[in-house]
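Asks: pasting the sequence and the predicted coordinates here, then a few questions.
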Amino acid sequence: MNDLGSLVQQTADRLAGQHVGAVVAGLAGGTVEIRGAGRTGPGSAGGAPGPDTLFEIGSVTKVFTSLALARLALAGTVALDEPLADVLADALPAGVTVPAKGGTPLTLQHLATHSAGLPRLPAGMLLPALLTPNKPDPYAHCTAEYLLAGLARTRLRAAPGRSFRYSNLGAGLLGLALTHRTGLGYQELVTREICAPLGLTDTTVTPDAERAARLAPGHTSGGRPVPGWDLADLVGAGGLHSTVADLAILVRAQLANGTDGDDSPLAPAIALSREVRHRVNPFAWMHLGWLGHRLHARQGGHLQIWHNGGTGGYRSFVAFDPEKQVGVIAVVNTRRSVDPAGVALLRTLQNTHASGGTA
């Protein structure tokens, strides 16, 4: 086993000691190593997870939604600065308008960078989320009708473009806007714009029978099995299932962007998504879909672009450094964060496996 494979296996083993099952990938120097550990079920139940095991990836879905936005913007189907009100003009219920503040229209780019000023959750969901945080399938009622009608009771916390406020509602509305404009379902949209061009074969909203047989069931932090989530028409905020094998292809495309020989059909869209930058704080920013920050010089000064995700029984973390040409993926079927393990592996690869990519 090579050094990269050893580091990846060590991370997977550590995660398996705290979770039911884990799959981890490390990318460095053009090489991808994927390792699984633990089981797909508690105790002796289930088999060992691997590259083709499906997991709910939660909010990592948002990078797919935003990449689809970039593709559609380059095709002229939408514009980044197009107001959401214009895209949904013929879909809004009578008397309902897109919320506004400060005279600035709320645009698709605002939704993709969490700078729209929208609340985190759809209208009426905050109090139930606080009172019953472990409620099964909390978004299943979020149909297009429910989400759009709820805009009548939604108030912006800040004028669009002024500040960063992470919003599942905003990402869900972005997905809804893109499907409305294209006339496609979310699965069809993601397949056409991302999965088919990249060759992703297992990234899906609803797994078919063959993929469902490879799905690792979700668990609470204590290891109790829990049902999966259905995000209905909020799907663009967190409704995808995927495998580490598919996510590794996505990260490889991200790392290749801007390098010599990058012939990915998504290269222009990835470049556009990286060009957009909304300041989160003095040390971090938001691209289309991805969060970014640079470590302090005393910590190596490394660039880290990332997103994490979580649903009722899963956690995920995807991150990469296009300058050092390294990346990591960590997914588990337990409701307990994998971010610390993912960050630790990324920093190790940045310090030991950098291959001098583009700056």
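Replies: Yes, it's here.
Asks: can you tell me how far Tyr241 sits from Phe55?
Replies: Just to correct that, residue 241 is His rather than Tyr. Counting by CB to CB, to the nearest Å, the gap from His241 to Phe55 is 7 Å. In this view, the C-beta of every residue, glycine as well, is placed from N, C-alpha and C.
Asks: common neighbours of those two, please.
Replies: Common contacts of His241 and Phe55, defined by CB atoms under 8 Å, 6 or more residues apart in numbering, comprise Leu215.
Asks: those two: who's more crowded?
Replies: Phe55 (31 against 24; other CB atoms under 10 Å).
Asks: next, that one: secondary structure please.
Replies: strand (DSSP: H, G, I helix; E, B strand; the rest coil).
Asks: low-confidence ranges, the protein, go.
Replies: 1-2, 43-45, 127, 131, 356-359 (pLDDT under 70).
Asks: hey, where'd the strands end up in it?
Replies: 21-28, 31-38, 55-56, 218-219, 225-226, 241-242, 278-281, 284-286, 291-294, 303-311, 314-321, 326-332 (DSSP state E).
Asks: could you pull out the helices for this structure?
Replies: 3-16, 61-75, 84-87, 108-112, 126-131, 144-150, 168-182, 186-190, 196-198, 209-212, 244-256, 267-275, 339-352 (DSSP state H).
Asks: for Val63, list the residues it contacts.
Replies: 250, 289-290, 307, 318.
Asks: that one and Gly309, how far apart?
Replies: 9 Å.
Asks: do the same with Ile249
Replies: Counting by CB to CB, the gap from Ile249 to Gly309 is 17 Å.
Asks: skip the chain neighbours and tell me the closest residue to the residue nearest the centre of the chain.
Replies: Centroid-nearest residue in the chain, with CA atoms, centre = their mean: Val60, separated by 1.5 Å. Nearest residue to Val60 in three dimensions, chain neighbours excluded: Gly309, at 4.1 Å (CB to CB, 6 or more residues apart in numbering).
Asks: let me see the contact set for that neighbour.
Replies: 56-61, 238, 315-317.
Asks: and it, bridged to which residues?
Replies: Ser316 (DSSP bridges).
Asks: likewise Met286?
Replies: Bridge pairing for Met286 - DSSP bridges - gives His278, Leu291.
Asks: just give me the neighbour total for Leu345.
Replies: 26.
Asks: distance of it from Val23?
Replies: From Leu345 over to Val23 (counting by CB to CB), the distance is 13 Å.
Asks: okay, and the common contacts of these two?
Replies: By CB under 8 Å, 6+ apart, the residues touching both Leu345 and Val23 are Ala330.
Asks: grab the nearest non-local neighbour of Phe283.
Replies: His293 (5.5 Å).
Asks: I'd like the distance between that neighbour and Ala152.
Replies: Counting by CB to CB - His293 and Ala152 are separated by 36 Å.
Asks: returning to what we had before: can I get the contacts of Gly309 in TSV with distance to Ala256?
Replies: Formatted as TSV, the contacts of Gly309 follow (distance: CB to CB, whole Å):
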residue	distance to Ala256
Glu56	27
Ile57	21
Gly58	25
Ser59	24
Val60	19
Thr61	22
Gly238	26
Arg315	27
Ser316	22
Phe317	21
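Asks: which one of those residues is nearest to Thr179?
Replies: Using CB to CB, Thr61 is the member of those that sits closest to Thr179, with 13.5 Å.
Asks: if I read this right, the closest one contacts His241, doesn't it?
Replies: No - in this structure, Thr61 is not within contact of His241 by CB atoms under 8 Å, at 9.3 Å.
Asks: neighbours around the nearest residue to Gly95 once chain neighbours are set aside, how many?
Replies: Closest residue to Gly95 apart from its sequence neighbours, by CB to CB, 6+ apart: Ala152 at 7.2 Å. Counted with other CB under 10 Å, the neighbours of Ala152 add up to 13.
Asks: list the contacts of Ala152.
Replies: 93, 95-97, 123.
Asks: related to what we said a few turns ago, distance check, the residue nearest to Phe283 against Ala158.
Replies: 21 Å.
Asks: repeat for Thr143
Replies: Where Ala158 is concerned, Thr143 sits at a distance of 27 Å (CB to CB).
Asks: more neighbours: which of these two?
Replies: Neighbour count, other CB under 10 Å: between Thr143 and Ala158, Ala158 has more, with 15 against 12.
Asks: burial count for the residue nearest to Phe283?
Replies: Considering only other CB under 10 Å, His293 is surrounded by 14 other residues.
Asks: my guess is it meets Met286, correct?
Replies: No - checked against CB under 8 Å, the pair His293 and Met286 is beyond contact range at 10.1 Å.
Asks: if we go by neighbour counts, what in stretch 176-188 is buried?
Replies: Residues 176-182, 184, 186-187 are the ones in stretch 176-188 that count as buried (16 or more other CB atoms under 10 Å).
Asks: for that stretch, give me every contacting residue.
Replies: Defining contact as CB under 8 Å, 6+ apart, one finds that stretch 176-188 is touched by 65, 68-69, 72, 77-78, 84, 87-88, 91, 108, 111, 144, 147-148, 175, 189, 192, 204-206, 233-236, 239.
Asks: same thing with stretch 243-251?
Replies: Applying CB under 8 Å, 6+ apart, the set of residues contacting stretch 243-251 is 23-25, 27, 32, 34, 51-55, 57, 60, 63, 194-195, 198-203, 214, 318, 320, 327, 329, 331.
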